[in-house]
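Student: how would this look folded up:
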Amino acid sequence: MKKITLLLICFLIVSYAKAQDRTITTGVPFLLVAADARAAGLGDQGVATSADVFSQQWNPAKYAFSVDKQGFSISYTPYLSDIANDIALAQLTYYNKIDDRSAFAGSIRYFGFGDIEQRFTSDPNEPTTTLKPSELAIDGSYSLKLSETFSMAVAARFINSNLKFPSEYTDASSASSFAVDVAGFYQSEEIAYNSFNGRWRAGFNFQNMGPKISYDNDDLSSNFLPANLRVGGGFDFILDDYNKVGVSLEFTKLLVPTPPGPGTPVDTNGDGDFTDPEDITQEEANTTNYNNYNSIGWFEGMFKSFGDAPDGFSEELKEITYSAAAEYTYQDAFSMRLGYFHESPEKGARKFFSLGAGFKYNVVKVDVSYLFSASNVKNPLENTLRFSLTFNFGDKYEVY
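Tutor: Predicted structure coming up:
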């Protein structure tokens, strides 16, 4: 049953791509799942929201604008909770402001697929072995204010994927890779308007840029990392000393080449049997397209991803997801959140609304979120409560 569960997970990941052969898929997709409840409640966004402990996944440049000296968080996300109770994504994050202008941070993200029973042979009398497939990412970042309103950050990430199953003829060696992020964040001074004050925010992040990951050390069977570009902006309506409403909008584009889809067979004499030496069968054409796609290097692929869609610019636009969100905060002690996420039906069909809330007492903050799918494609996180626990401590830095 556990093995069936794992197959369902893989199916659901691929089912996002069901509508069209040119939907982009990558290795280690857990890197794209919102690991914290605050971002999850805001429609899976965080590149231009206000700084928090969870900034490592979304935009580490925000740490330079953190109010607290230090922060630590624990996040837990049940996955496919409708059919299993031991599949989950967990994350630990820590940051420390070195001074008013700079900060460093680190996080560990772990995706566990639960226990899976397997026999190495077809002998039903042989005892089963319990396997624990999982994926892991460990990263660190450094952020620095380049001016009073703008900061940048770099992050490095080690990635390990232990999903390969051993057999009588193969081992179960895991696959590893590394990636880097380059991010920027802008936060304006507080501006006085007629009936309220306000603050503008904007951010970008080039994420997960690194070599492809492979279990067999074979370039033609390797997978692109989920490199992506996040760009977003937002505005805080500071109504008074106690009430604030923040709105934000974020766009994300995978920096991965568009798959070519089926190849074009060639029947040189038009007899329909594809047996002549010059003929190219459908299978051969598909294999050629597949090999050509997988021979693209990760660095070359990032640049190709902006203009390689076979249907041109209109298809490139469909590869961009967006999310819109609003967050109400009372006295920095209570928050309510609403978000919406949209992906083209031809490129994955993920659409959902999210709700979230946050409660803070002294140095401890609890965040929760809930997702409502708005698509015919079932979301693995549907009907799931996500939790994050945050501890902030140390000196306070003024927000101008």
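
Student: okay, now the unreliable bits of this protein?
Tutor: 1-21, 117-129, 164-172, 217-221, 263-264, 267-277, 279, 282, 399-400 (pLDDT under 70).

Student: quick one: the helices in it?
Tutor: 2-15, 37-41, 55-58, 282-294, 298-304, 313-318 (DSSP state H).

Student: then the second one to CSV, C-alphas only?
Tutor: The C-alpha trace of helix 37-41 is given here as CSV (Å, rounded to 0.1, in the frame of the first residue of the first chain):
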residue,chain,number,x,y,z
ALA,A,37,2.4,28.8,6.8
ARG,A,38,2.6,32.5,6.3
ALA,A,39,3.6,32.3,2.6
ALA,A,40,1.1,29.5,2.2
GLY,A,41,-1.7,31.7,3.5
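
Student: list the buried ones in that helix?
Tutor: Neighbour-count burial for helix 37-41 flags Ala37, Arg38, Ala39, Ala40, Gly41 (criterion: 16 or more other CB atoms under 10 Å). The C-beta positions use only the backbone N, C-alpha and C, and glycine is treated the same way.

Student: mind putting the residues you listed into CSV with distance to Ile213?
Tutor: Listed next are the buried residues of helix 37-41 as CSV, based on distance: CB to CB, whole Å:
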residue, distance to Ile213
Ala37, 28
Arg38, 29
Ala39, 24
Ala40, 25
Gly41, 30
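
Student: can I get stretch 50-70 in CSV? Just the C-alpha atoms.
Tutor: What follows is stretch 50-70, C-alpha atoms only, in CSV (Å, rounded to 0.1, in the frame of the first residue of the first chain):
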residue,chain,number,x,y,z
SER,A,50,7.6,42.1,4.7
ALA,A,51,10.7,40.5,6.2
ASP,A,52,10.2,37.4,8.4
VAL,A,53,12.1,34.3,9.6
PHE,A,54,10.8,32.4,6.5
SER,A,55,12.6,34.8,4.0
GLN,A,56,15.2,32.2,3.2
GLN,A,57,12.9,30.3,0.8
TRP,A,58,11.5,33.3,-0.9
ASN,A,59,13.9,36.2,-0.8
PRO,A,60,16.9,36.2,1.6
ALA,A,61,17.6,39.8,0.9
LYS,A,62,14.7,40.7,3.2
TYR,A,63,16.7,39.6,6.2
ALA,A,64,18.7,42.9,6.1
PHE,A,65,15.4,44.7,6.9
SER,A,66,14.4,42.5,9.8
VAL,A,67,13.3,44.2,13.0
ASP,A,68,14.5,41.5,15.4
LYS,A,69,18.1,40.6,15.9
GLN,A,70,17.6,36.9,15.6
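
Student: check the offset of it from the chain's centre.
Tutor: Counting by CA atoms, centre = their mean, to the nearest Å, stretch 50-70 is centred 17 Å from the centre of its parent chain.

Student: out of the buried residues of helix 37-41, which is nearest to Thr384?
Tutor: Among the buried residues of helix 37-41, Ala40 lies closest to Thr384 (CB to CB), at 9.3 Å.

Student: for the closest one, what are its contacts?
Tutor: Ala40 sits next to Ala34, Thr77, Ser354, Gly356, Ser369, Leu371, Leu381, Arg386 when contact means CB atoms under 8 Å, 6 or more residues apart in numbering.

Student: looking at those residues, which are in strands?
Tutor: Cross-referencing the contacts of Ala40 against strands under DSSP state E gives Thr77, Ser354, Gly356, Ser369, Leu371, Arg386.

Student: count of neighbours near the last one?
Tutor: Summarising burial for Arg386: neighbours were counted as other CB atoms under 10 Å, giving 26.

Student: can you name the residues bridging to it?
Tutor: Beta-bridge pairing of Arg386 under DSSP bridges involves Ser369.

Student: doesn't Tyr76 make contact with it?
Tutor: Yes - counting by CB atoms under 8 Å, Tyr76 is a contact partner of Arg386 at 7.2 Å.

Student: re earlier: for the contacts of Ala40, give me JSON lines that also has distance to Asn223.
Tutor: Output for these, formatted as JSON lines (distance: CB to CB, whole Å):
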{"residue": "Ala34", "distance to Asn223": "21"}
{"residue": "Thr77", "distance to Asn223": "23"}
{"residue": "Ser354", "distance to Asn223": "28"}
{"residue": "Gly356", "distance to Asn223": "32"}
{"residue": "Ser369", "distance to Asn223": "29"}
{"residue": "Leu371", "distance to Asn223": "26"}
{"residue": "Leu381", "distance to Asn223": "22"}
{"residue": "Arg386", "distance to Asn223": "26"}
